[in-house]
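[1] need a structure here:
(one chain, ligands or ions: 1)
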Amino acid sequence: MTLQIVEKGPFEGQKPGTSGLRKKTRIFMEPGYLECFVQSTFNAIGGAAGKSFVIGGDGRFFNAAAIQTILKMAAANGAARAVVGQGGILSTPAVSHLIRKRGTDGGLVLSASHNPGGIDEDFGIKYNIANGGPAPETVTAGIHAETQKIAAYRISDAADVDLNQLGSSRIEEMTVEVVDPVADYADLMETLFDFNKIRALFQGGFTLCFDAMHAVTGPYATEILQRRLGAADGSVINAIPSEDFGGGHPDPNPVWAKTLMQRMMSDDAPDFGAASDGDGDRNMIVGRHTYVTPSDSLAVLAANAHLAPAYAQGLAGIARSMPTSTAADRVADKLGVACYETPTGWKFFGNLLDAGRATLCGEESAGTGSAHVREKDGLWAVLLWLNILAERGQSVADIMRDHWACYGRNYYSRHDFEAIPTDQANALMQALEAQLDRLAGTQWSGLTVAQADSFSYLDPVDGSESHNQGLRIVFEGGGRAVLRLSGTGTEGATLRVYLEQYVDASGDHTLATDAALENVSSAMRDITALQEYIGRTEPDVKT
Ligand code: G16
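    Residues are numbered from 1 along each chain as shown. As a prediction, the model looks like this:
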């Protein structure tokens, strides 16, 4: 075995987005592309010498090959140890847990999350720090700076490691440990929830359908829901991870998890339905004939978390991303705890969790999680829901009805306009930003603008500032429209429009979402001149 120094780089555009670097798989497969990003990551963290890393991914096309490359590079950079999931598989929350449990210096997650996989689809890589969470902006900015000046990378010419074989081996001086990807994570879940109570729920005939979407949570959900908790065999569907997610979008929302939605809306629907995404950090919750928005899910989980053993002592605080509805804020108010509003990106929750200021966090993009790891966690959310259902003995629909009757309802929808030419998307955002100062007091579709601004965040823990995190238009009477450009897309720009209308506890909670949001939506279209800038007003995806 010899160490090679390969002259290569820099590559254009290796700038981490909302969650690491995401590009078309073929770009990642270009000679030296992955290598330069990985070397830049090592350079940005002061080198890999003597360090230990967890490495794993969601099993998408190029996962295993990328892991072999990263292992050889880590060894050539002097790393002491790499902990890898068997078959190269580790869900994102499982990586976070392993980093924390093993006390490693960090981890590398190979995933493009909910984006489709395959040679013509998407691939991604993300660096997590020693607390188990996504690298904060200071670190990702450092990685980006390194990618712009990199001229060479280090790699060993050792043979591939057998990723299917549990146990230890070596590359150069580095120990490679291949571990069961599920066991540690499943054990952690047992410490958080009342498994006996949930088991009794299933014994009593409660039915579940969990759609793993041919992605990473299949083995986790099968072990936890079916083997440990006794849900009927076949409760977990699409349970075998595949390189292209069965040709689908592993995005747990009503559009992409259509089979599950149809089943949950049918006459013989199970009591509870859920889905998770490519790398297992997102979740969708559906009751029989009842879809729960991610924002509502966060609010309900926060209001009922005390029913699960891990949260019986109460919550230190709640955090949500700015575009997430304000439903959780009302729960925080009632609980008498702080509610933090952060920019989009799980990395912004890390400091709040580390400082013990927040216990639960959530995002409109189907992410919920807690202080048990430093990533959002799809199966965790499902288990907390199950624990709550077991304690309350009510249906999901009843729980939602009770919740709205107590706190009011935040009607909510996200409209995505995908693959817009970047210049058009930028022009729209710039034009809107330019008029924000003049919007307060103006009327649109019968609504008066109360306030409009560009969201900035001051991290209360480390004092860092993040600007330009989305444009907000708040209307009198509880309406809000938020616009921002996605930081996870790989083709042109994706414009995300987040629409919300609050109806108080005594109001009508039975409206169709589109009807409840009609005025806010129409006001947003007029204010932004949507048609003029992007040539359409109908989104590609509504969630
Ligand atoms: C990532 C981030 C989330 C974010 C989501 C959507 O999720 O971790 O915090 O909400 O992207 O981001 P954007 O609106 O910029 O596309 P994931 O599951 O893709 O890693």
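
[2] all contacts plus neighbour counts: C-alpha atoms, from now on.
    Fine.

[3] Spell out the secondary structure type for residue 234.
    Of the three states, residue 234 takes coil according to DSSP: H, G, I helix; E, B strand; the rest coil.

[4] could you list every residue that touches it?
    By CA atoms under 8 Å, 6 or more residues apart in numbering, the contact list for residue 234 is empty.

[5] and what of residue 73?
    Counted by CA under 8 Å, 6+ apart, residue 73 has contacts 35, 38-39, 153-156.

[6] Just confirm residue 304 contacts residue 389, I think it does.
    No - Residue 304 lies out of contact with residue 389 (CA atoms under 8 Å); the separation is 9.8 Å.

[7] Return the set of buried residues in stretch 468-476.
    If you call a residue buried by 16 or more other CA atoms under 10 Å, then stretch 468-476 has these buried ones: 469-475.

[8] now stretch 198-217
    The neighbour-count check on stretch 198-217 (16+ other CA under 10 Å) flags 198-199, 201-202, 206-217 as buried.

[9] what does stretch 59-67 give?
    59-64, 66-67.

[10] Repeat that for stretch 259-274.
    260-261, 263-265, 269-274.

[11] can I get those residues in JSON lines with secondary structure, pLDDT and distance to the ligand?
    Listed next are the buried residues of stretch 259-274 as JSON lines, based on DSSP: H, G, I helix; E, B strand; the rest coil; pLDDT from 0 to 100; distance: CA to the nearest ligand atom, whole Å:
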{"residue": "260", "secondary structure": "helix", "pLDDT": "96", "distance to the ligand": "19"}
{"residue": "261", "secondary structure": "helix", "pLDDT": "96", "distance to the ligand": "20"}
{"residue": "263", "secondary structure": "helix", "pLDDT": "97", "distance to the ligand": "24"}
{"residue": "264", "secondary structure": "helix", "pLDDT": "98", "distance to the ligand": "23"}
{"residue": "265", "secondary structure": "helix", "pLDDT": "97", "distance to the ligand": "25"}
{"residue": "269", "secondary structure": "coil", "pLDDT": "98", "distance to the ligand": "27"}
{"residue": "270", "secondary structure": "coil", "pLDDT": "98", "distance to the ligand": "26"}
{"residue": "271", "secondary structure": "coil", "pLDDT": "98", "distance to the ligand": "26"}
{"residue": "272", "secondary structure": "strand", "pLDDT": "98", "distance to the ligand": "22"}
{"residue": "273", "secondary structure": "strand", "pLDDT": "98", "distance to the ligand": "19"}
{"residue": "274", "secondary structure": "strand", "pLDDT": "98", "distance to the ligand": "16"}
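
[12] Between those residues, which sits nearest residue 523?
    residue 261 (30.2 Å; CA to CA).

[13] pretty sure the closest one is in contact with residue 254, am I right?
    Yes - Residue 261 is in contact with residue 254 according to CA under 8 Å; the separation is 6.1 Å.

[14] would you say residue 353 is within a helix?
    Yes - under three-state DSSP, residue 353 falls within a helix.

[15] Going forward, the N-terminal residue is numbered 36.
    Okay, using 36 as the starting number, the last item reads as residue 388.

[16] in the stretch 136-285 of the chain, what residue is nearest the ligand?
    Residue nearest to the ligand within the stretch 136-285 of the chain: residue 148 (4.7 Å; CA to the nearest ligand atom).

[17] Quick one: the strands in the stretch 336-485 of the chain, in order.
    352-356, 373-377, 395-398, 402-405, 444-455, 478-479, 482-489 (DSSP state E, counting those that start in this stretch).

[18] Actually, the stretch 36-185 of the chain.
    In the stretch 36-185 of the chain, the strands defined using DSSP E, counting those that start in this stretch lie at 38-42, 56-59, 87-92, 116-124, 141-145, 157-163.

[19] quick one, the longest one and strand 141-145 angle?
    Looking back up the chat, that one is strand 116-124. Put simply, strand 116-124 runs at 20 degrees to strand 141-145, going by axes from the mean of the first three to the mean of the last three CA atoms, to 10 degrees.

[20] Partner strands of strand 116-124 and their direction?
    Strand 116-124 has the following strand partners under DSSP bridges: strand 87-92 (parallel), strand 209-214 (parallel).

[21] Would you mind listing the outside residues contacting it?
    85-94, 98-99, 102, 106, 125, 198-201, 209-216, 251.

[22] Please convert the buried members of these into PyMOL selection syntax.
    Command for PyMOL, covering only those of these found buried under the criterion 16+ other CA under 10 Å:
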select buried, resi 86+87+88+89+90+91+92+93+94+98+99+102+106+125+198+209+210+211+212+213+214+215+216+251
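
[23] For burial, what's the neighbour tally of whatever residue of the stretch 336-485 of the chain ends up closest to the ligand?
    As assessed by CA to the nearest ligand atom, the ligand sits closest to residue 380 within the stretch 336-485 of the chain, at 3.0 Å. Using other CA atoms under 10 Å, residue 380 is surrounded by 18 other residues.

[24] nearest residue to it other than its sequence neighbours?
    Closest residue to residue 380 apart from its sequence neighbours, by CA to CA, 6 or more residues apart in numbering: residue 53 at 5.5 Å.

[25] Please apply the same query to residue 133.
    That would be residue 89: by CA to CA, 6+ apart, it lies 7.0 Å from residue 133.

[26] what separates the worst-scoring helix or strand of the chain on mean pLDDT from the chain centre, distance-wise?
    Every helix and strand in the chain was compared by mean pLDDT, DSSP states H and E; the lowest is strand 576-577, with a mean of 90. Here strand 576-577 is found 17 Å from its chain centre; the criterion is CA atoms, centre = their mean, to the nearest Å.

[27] The ligand contacts on this protein?
    53-54, 148-149, 317, 379-381, 398, 400, 521-523 (CA under 6 Å from any ligand atom).

[28] Pipe those into a markdown table and attach pLDDT per row.
    Output for those, formatted as a markdown table (pLDDT from 0 to 100):
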| residue | pLDDT |
| --- | --- |
| 53 | 85 |
| 54 | 88 |
| 148 | 93 |
| 149 | 92 |
| 317 | 97 |
| 379 | 96 |
| 380 | 93 |
| 381 | 93 |
| 398 | 98 |
| 400 | 95 |
| 521 | 94 |
| 522 | 87 |
| 523 | 83 |
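
[29] and which of these is nearest to residue 420?
    residue 317 (14.1 Å).

[30] is it true that that closest one touches residue 410?
    No - between residue 317 and residue 410 there is no contact under CA under 8 Å: 9.7 Å.

[31] Which one's more surrounded, these two?
    Counted by other CA under 10 Å, residue 317 and residue 410 do not tie: residue 317 has more neighbours, with 31 against 28.

[32] what's the neighbour count on residue 365?
    By the other CA under 10 Å criterion, the neighbourhood of residue 365 contains 16 residues.

[33] List the residues that contact it.
    residue 442 are the contacts of residue 365 under CA under 8 Å, 6+ apart.

[34] mind giving me JSON lines with the strands of the stretch 336-485 of the chain and columns for mean neighbour count?
    Below are those laid out as JSON lines (neighbours: other CA atoms under 10 Å):
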{"stretch": "strand 352-356", "mean neighbour count": "26"}
{"stretch": "strand 373-377", "mean neighbour count": "21"}
{"stretch": "strand 395-398", "mean neighbour count": "28"}
{"stretch": "strand 402-405", "mean neighbour count": "26"}
{"stretch": "strand 444-455", "mean neighbour count": "21"}
{"stretch": "strand 478-479", "mean neighbour count": "16"}
{"stretch": "strand 482-489", "mean neighbour count": "19"}
